[in-house]
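Chemist: coords please:
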Amino acid sequence: MKKYYLHNGVESSGPFDLTELEMKQITATTPVWFSGMPDWKTAAEIDELQILLKVSPPPFKSLPTELEPEPKEKVKKTKLMGLHKNTFYLVLLFVSLIIGSFVLNILEENRKAELSKINHQTEIENRQFLLKEREIKEQNERLAEQQRQEAERIARERKDTINKRLSEIKIEKIENQTLLDEAKNKLLKANNFQFFRTADEKSKEINVLQTEISHLKSELEILENEQNQLNLELERTH
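Modeler: Purely as a prediction, here's the structure:
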């Protein structure tokens, strides 16, 4: 895009583009120069500047009385709020950009504040979640420890019960074995002793002794089985 320089007879100014030249309100006699020109020319000598030239009206002469004066509003049409139309639009654009930038900054600050609030809330929730997890873990550990202690208590009690029962079985076996030996001796004597008894009395006594011996053997066998099972259970508890 070409850039133009102006000269007021004392000093030059510029460079300006076409929009800026329009704001300068140059006339046909305004000296203009741009890169590539050997010397200064008037604006009227440059074709692309014809549309920007300010037209100077001829000297005012009295108009016939029947002609009404042109309304002043037409003269003011090219200005808005005291500014040239193009200048007004530029100012309006600049103000709009400033307002838009201000609004965008407010929206960005609000967005950042909202994100910060969300992040802070998320951080609080994460801390609460971690604390809750820690509490659950500690509760599980306490429960596991209680269960372990309870299992150990039950095992100790069972062990004590087994040992007590084994002691009882040992005594019962001794007692039953003693009774069994006595019954066997009585049976032996009953088979050999024949005085002052009938055959029927001898048979009844032998039957009673045999029944007692059978019962005592059965009791001893039951006690032996129970003792073996308790010993196995006691070994597993160790």
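
Chemist: pLDDT-wise, which helix or strand of the chain ranks last?
Modeler: The helix or strand of the chain with the poorest confidence is helix 72-75; it has a mean of 47 (mean pLDDT, DSSP states H and E).

Chemist: mind showing which ranges of the chain have poor pLDDT?
Modeler: 54-81, 193-197, 238 (pLDDT under 70).

Chemist: tell me which stretches of it form helices.
Modeler: Shown for the chain, the helices assigned by DSSP state H span residues 18-24, 72-75, 85-192, 199-237.

Chemist: show me what the last one packs onto, helices and strands only.
Modeler: In other words, helix 199-237. Packing partners of helix 199-237 (3 or more Cβ pairs under 8 Å, 6 or more residues apart in numbering; DSSP states H and E): helix 85-192. Any C-beta I mention is one placed from the backbone N, CA and C, and that applies to glycine too.

Chemist: how far does the helix it packs on sit from the chain's center?
Modeler: Relative to the chain's own centre, helix 85-192 is displaced by 21 Å; criterion: Cα atoms, centre = their mean, to the nearest Å.

Chemist: would you map out the domains in the chain?
Modeler: 1-54, 123-237 (automatic domain parsing).

Chemist: for Lys117, which of those is the nearest?
Modeler: Of all these, it is domain 123-237 that lies closest to Lys117, at 10.8 Å by Cβ to Cβ.

Chemist: point out the most buried one among the domains of the chain.
Modeler: Counting by mean count of other Cβ atoms under 10 Å, domain 1-54 has the highest mean neighbour count of the domains of the chain, with a mean of 14.

Chemist: could you check how far Leu232 is from Asn225?
Modeler: 11 Å (Cβ to Cβ, to the nearest Å).

Chemist: look up the residues forming beta bridges with Phe16.
Modeler: Beta-bridge pairing for Phe16 (DSSP bridges): Tyr4.

Chemist: just checking, it touches Leu6?
Modeler: Yes - proximity of Phe16 to Leu6 meets the contact threshold set by Cβ atoms under 8 Å, at 7.0 Å.

Chemist: who touches both of these two?
Modeler: Lys24 (Cβ atoms under 8 Å, 6 or more residues apart in numbering).

Chemist: coming back round to it: adding distance to Met37, write the helices of the chain out as CSV.
Modeler: Converted to CSV, the helices of the chain look like this (distance: least, Cβ to Cβ, whole Å):
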stretch, distance to Met37
helix 18-24, 15
helix 72-75, 35
helix 85-192, 26
helix 199-237, 115
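
Chemist: what does Ile46 show for phi and psi?
Modeler: In terms of degrees, to the nearest 10, the main-chain angles of Ile46 are phi -110, psi 120.

Chemist: isn't it up against Val32?
Modeler: Yes - between Ile46 and Val32 there is a contact under Cβ under 8 Å: 5.9 Å.

Chemist: quick revisit: please tabulate the domains of the chain in CSV, including the columns distance to Ser101.
Modeler: Listed next are the domains of the chain as CSV, based on distance: least, Cβ to Cβ, whole Å:
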stretch, distance to Ser101
domain 1-54, 23
domain 123-237, 32
